[in-house]
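J.: Pasting a predicted model and its sequence here:
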Amino acid sequence: MLSQIRSELSSKNARLVAVSKTYPASRILEMYNQGQRIFGENRPQEMLEKHTALPAEIQWHFIGHLQTNKVKSIAPFVSLIHSVDSLHLLQEIDKQAQKNNRVIDCLFQFHIAKEETKFGLSEQEAFEILQNPAFYALKNIRICGVMGMATYTDDINQIRDEFRQLKAIFDHLKANFFSKSVFFSEISMGMSGDWRIAVEEGSTLLRIGSLIFGDR
């Protein structure tokens, strides 16, 4: 399935993030040996252990809810943090990036689902962050786009509407705050059950786990 998905994405402006959380390093190495280079984790300690054990060429994406006190453990190596949902978290990422002499790429996570359990900003909250002078004091982070999770449902129209909502938010932020930024280009949406819809609606990063790794 990995090769099939990669083949379908090769003609699109989209990349696969292989969601490797809870899978052992040996399974990740299998995917690495098939050419996969981007892997997603949602627990800082687990990601750190796998980073230490696996090839340095791997790009590690953090895709889970990130607590500020966990940032320092992944700051030396994380390639992209998908789940920024507050200015406070951004400030901590910036602080730890500076200590490691890095600029860390980040995505704003938005709440687009009907489920209340999911994390994420509203568009208004993101505007407030981007209009806050404290945001412009951050020199070691780079906002590269947006992330969101659709409702877990069989209603394809609802999923499509939610992905379109995230694409609209991306377009609004691009126009109002990032029109001159070549880095603001990522839309992280789509998982194992809805990734083809996400690609149709403009996703550039697909977070797919069980479909390629199999059951946990």
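T.: Right, received. Where do you want to start? Residues are numbered from 1 along each chain as shown.

J.: contacts and neighbour counts: CA atoms only from here.
T.: Will do.

J.: how about residue 64, what does it touch?
T.: When contacts are counted by Cα atoms under 8 Å, 6 or more residues apart in numbering, residue 64 is found next to 41-43, 82-83.

J.: Confirm it sits in a strand?
T.: No. When classified by DSSP: H, G, I helix; E, B strand; the rest coil, residue 64 is found to be coil rather than part of a strand.

J.: can you tell me how far it sits from residue 46?
T.: In this structure, residue 64 and residue 46 are 12 Å apart, going by Cα to Cα, to the nearest Å.

J.: what is in contact with the two at once?
T.: Between them, residue 64 and residue 46 share no neighbouring residue, with contact defined by Cα under 8 Å, 6+ apart.

J.: In this structure, which residue is most central in space?
T.: The residue lying closest to the centre of the chain (Cα atoms, centre = their mean) is residue 82, at 2.8 Å.

J.: Not counting residues beside it along the chain, what's closest to that one?
T.: Spatial nearest neighbour of residue 82, excluding adjacent residues (Cα to Cα, 6 or more residues apart in numbering): residue 107 at 4.7 Å.

J.: immediately after the particular helix or strand that has the one you found in it, which helix or strand?
T.: When secondary structure is defined by DSSP states H and E, residue 107 falls within strand 104-110. Sequence-wise, the next helix or strand beyond strand 104-110 is helix 123-130, with elements assigned using DSSP H and E.

J.: pLDDT wise, what is residue 216 at?
T.: Taken from the predicted model, the pLDDT recorded for residue 216 is 67.

J.: How many residues are close by the residue nearest to residue 82?
T.: Applying the criterion other Cα atoms under 10 Å, we find 24 residues in the vicinity of residue 107.

J.: Verify the stated contact: it with residue 148.
T.: No. Contact criterion Cα atoms under 8 Å: residue 107 and residue 148 do not qualify, at 9.7 Å.
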